[in-house]
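A.B. asks: Pasting the sequence and the predicted model now:
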Amino acid sequence: MQMTRQRSCAFPSFRLREVVSIYFTMVAVFLLILLLALQGTTPTENSFPYKVPLDPESTLMLSWNVTYPEEMVYFQILAKELKFGVLFGMSDRGEFEDADLAVLWSDGHSSYFGDAWSDQKGKLHMDSQQDYQLLKAHNTPEGFYLLFKRPFNTCDPKDYLIEDGTVHLIYGFLEKPFHTLEAINVSSIRKGLQRVQLLKPNIILPNLPADVRTMAITAPHVTIPSQETTYWCYIVELPSNFPKHHIVMYEPVITKGNEAIVHHIELFQCAPEYNTYPQYNGPCDSKMKPERLNFCRHVLAAWAMGAQAFPYPEDVGLPFGGAGSRSLRLEVHYHNPLQIAGRRDSSGILLHYTPTLRKYDAGIMELGLVYTPVMAIPPQQKEFVLSGYCTEKCTQLALPPDGIHIFASQLHTHLTGRKVITVLIRKGKEIGIVNQDNHYSPHFQEIRMLGKMVDVLSGDLLITSCTYNTEDRDKATVGGFSIFEEMCVNYVHYYPLTRLELCKSTTELSYLQKYFHLVNMFDDNEICTCPQALVTQQFSSVHWTTFSKDVLKALYSTAPISMHCNQSSAVRFPGDWDKQPLPKISKHLPQTFPRCQRSTSNIGSTPIILKDKRQNARLT
C-alpha cells in the first residue's frame, strides 16, 4: 500500500513538470520565430516607403525599403512601358562603365534575370556571384513589376558597396531582343542617372500636436522653362505681427505629374539686416533678381528626391516668426532634360507648426570653411582635400556646459565637391563621425536625419573636410559664393539653440602671401605680391606644377588658421581668433570594414529564366 501511494503521488508530479517544460519551450520557440520574422521580414508590394521616378518621363519607377538587421535593401521597379527588358544598377558617380547591374532581358521567346557588371568599354558580363536575388516578377494592368533584394556589402569585388550617403543609380531600356547578356553594350541603349540616399535612417514619424497648423509655401503656378536646369526663386512674406512659432515637421508638396522634374526644394529665411525685401518671382540667376535676396540664406527646410517628411525631435521645434525677418525665399530646382515646354508647377514645402512652444529651440550652425578665395584648389586635381575647423577654444566659449545634440545635417559644396565628412574630436581623440558622404554630389543636397544623435560637448573639436576634383579645369578654383567657386560646409541641425551660429576657419592670409613669394622664386616673379593685388588674381598667375600644387597642399595642412567663431549677429565672440595653431589629433578613428555577406547559394553565372506561372513574367 505504501509503495502504491508513493507512485500515485509521484506520477502526477512528473506529468506537471513535463507539461510546464513543453509549454515554456513552445513559448520560447514561438518568441524566437516571431523575433526572426520581425527582423527579417521580406517587404510586401505595399511596404516600400521610399519612391522616385528614375527617368524624366516617369515610365520607370523605383521603390525601396531597408532592413537593417539583415543589412539588405529591397528594390521594386515598376516599368510602365517595357519592350525587351531593363537594366538597373549603381556606380561610383553614375558611370555606365565598371557598374554593378541587375538586368532583365528577353531574347524574343524567354525572359531572363541576372546579376551583371559592365567593363570599361560598357560591355555586360554575368557576375560569378549572383547577389541581386530575384523575389518576384509579374505583369499587372499598371505595368511590369520586378522585386529583388541585395545586401549592403557582398564580398564581391565587382559589386558596389551600399553605404550611408548619396547613391548614384543608373538605368537603361532594352528596346530590342538580345540572345545573350554579353551582346548588350550600354553605349548603344537609352539610359539615365538618378541620385538618392538608399540607406534612410529608421525614423518613425511622430504624432503631431493637437494645435498644429500648416502653411504651404509653394511656387505660384510657375511655367517651367524648357531648359535642362532651372533654379526658381520666389519671395513670400509671413503675416504681419506673426508671433514666434515652432516648426515641428515639414514635408514636400509636389505638383502631380512633375515628380520627375522637381529635383529638390529649399526654403530660406532672410536675414534681419533689412526690414523689407523686394518681391521676386523668377530664375535665381536672372540679372533682374534683386541683390538683397542674397541675404536670404538661413535654411529652414530642404527636400530632395526620395526624401520623406522631416520631423523634429520630441520637445524640439525650429523657431520662425516673431522678431526675425518675415521674408522667406523658396528655391525650386527643376531638372528638365527633355526640355518639356509649357509645364506648370506649384511645388513647395508644407510647414507643420504650433503656437505652443516646445522646451527647446532648434538651431542651425555652419561648420567648415569661410567663404574666401584664400582657400583654393589647383587645377587638374583628381582628389584635393580642404579642411575647416570648429576649434576647442570656440566650443569651450560658446557652447553650454552640457553641450548640444546634433540630429540632422546638410552637407554642401559647389560643382567640384566629391566627398564631405565631419569628424568629432574630444581631448585630441577622434570619437565619431557626425556625417559622411563618400559619393557626394552637388546636384543632390538634402537635410538628412542622422541615424543616431551626436552629442557635442563644450571644448570639443569638429573638423569638416571636403574632397574636390578639378580634372576638367585649367585654372585654380577659389573659395566664394559663385557656383564656379567652391564651398565646404556642413549645416548641422541641433538643440538647444545657442548664440554660436558659425564656427568656421580659413588659412591665415599672411601665410598664403608667403606661399606666393616662394612660388615666385621659381616663376620669374609672374605673381604680383603687391598689397593691392587680389588673391584671385594671384592664384590665376600661378604656374601650376607638381611643386606649386604640393606646396599649397602642405601650406593648408600646416599653416595657422583664422577662426570665425561668430554669434548670430555675425560678430565674433570676444577673443583672439587670428593666427591660431592647427589643432592636434593624437588618436584617429580606426579604419572599419563593413561586414559582408557571402552566400554559397548564389554562386554561379547562370541567369534565372522567367517563364513559370508563379512569376508570370515573360516580356514578349
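C.D. replies: In hand now; what should we look at?

A.B. asks: Do you have the helices of the stretch 401-550 of the chain handy? List them.
C.D. replies: Ranges of helices within the stretch 401-550 of the chain are 509-520, 535-541, 546-558, based on DSSP state H, counting those that start in this stretch.

A.B. asks: tell me the domain ranges of this structure?
C.D. replies: 50-200, 213-361, 363-567 (the TED database).

A.B. asks: Just the element for the closest residue to F481 other than its chain neighbours, please.
C.D. replies: Distance criterion Cβ to Cβ, 6 or more residues apart in numbering; nearest residue to F481, sequence neighbours excluded, is Y371 at 5.9 Å. All C-beta atoms are positioned from the backbone trio N, CA, C, and that covers glycine. Following DSSP states H and E, one finds Y371 outside all helices and strands.

A.B. asks: list the contacts for the closest residue to P272 other than its chain neighbours?
C.D. replies: What sits nearest to P272 in space, not counting adjacent residues and going by Cβ to Cβ, 6+ apart, is S325, at 4.9 Å. Residues near S325 by Cβ atoms under 8 Å, 6 or more residues apart in numbering: 269-272, 274, 277.

A.B. asks: Now the buried members of those residues.
C.D. replies: Buried subset of these (neighbour count, 16 or more other Cβ atoms under 10 Å): 269-271, 277.

A.B. asks: Go through the residues you listed and say which is closest to S110.
C.D. replies: Of all the buried ones among the contacts of S325, Q269 has the smallest distance to S110: 58.5 Å, by Cβ to Cβ.

A.B. asks: And the closest one, what's its pLDDT?
C.D. replies: Here the pLDDT value assigned to Q269 is 89.

A.B. asks: Bridging across strands, which residues link to it?
C.D. replies: For Q269, the beta-bridge partners are H298, L328 (DSSP bridges).

A.B. asks: how close does it sit to A309?
C.D. replies: Distance, Q269 to A309, by Cβ to Cβ, to the nearest Å: 20 Å.

A.B. asks: again with F320
C.D. replies: For F320, the distance to A309 equals 17 Å [Cβ to Cβ].

A.B. asks: Those two - which one has more neighbours?
C.D. replies: F320 (23 against 14; other Cβ atoms under 10 Å).

A.B. asks: Count residues in the vicinity of I421, would you?
C.D. replies: As a burial measure, I421 scores 21 neighbours (other Cβ under 10 Å).

A.B. asks: Give the residue spans of this protein that score low on pLDDT.
C.D. replies: Scanning the chain for pLDDT under 70 picks out 1-46, 525, 598-604, 611-620.

A.B. asks: 50 - rerun?
C.D. replies: Counting by pLDDT under 50, the chain contains low-confidence residues at 1-42, 45, 612-617, 620.

A.B. asks: gap between the two ends of stretch 375-384?
C.D. replies: With Cα to Cα, to the nearest Å as the measure, the ends of stretch 375-384 fall 12 Å from one another.

A.B. asks: That stretch: which residues count as buried?
C.D. replies: Going by neighbour count (16+ other Cβ under 10 Å), the buried part of stretch 375-384 is 375-379, 381, 384.

A.B. asks: same question, stretch 194-210
C.D. replies: By 16+ other Cβ under 10 Å, the buried positions in stretch 194-210 come out as 194-200, 209.

A.B. asks: Among those residues, which one sits closest to Y389?
C.D. replies: Nearest to Y389, judged by Cβ to Cβ, of the buried residues of stretch 194-210 is Q197 at 26.8 Å.
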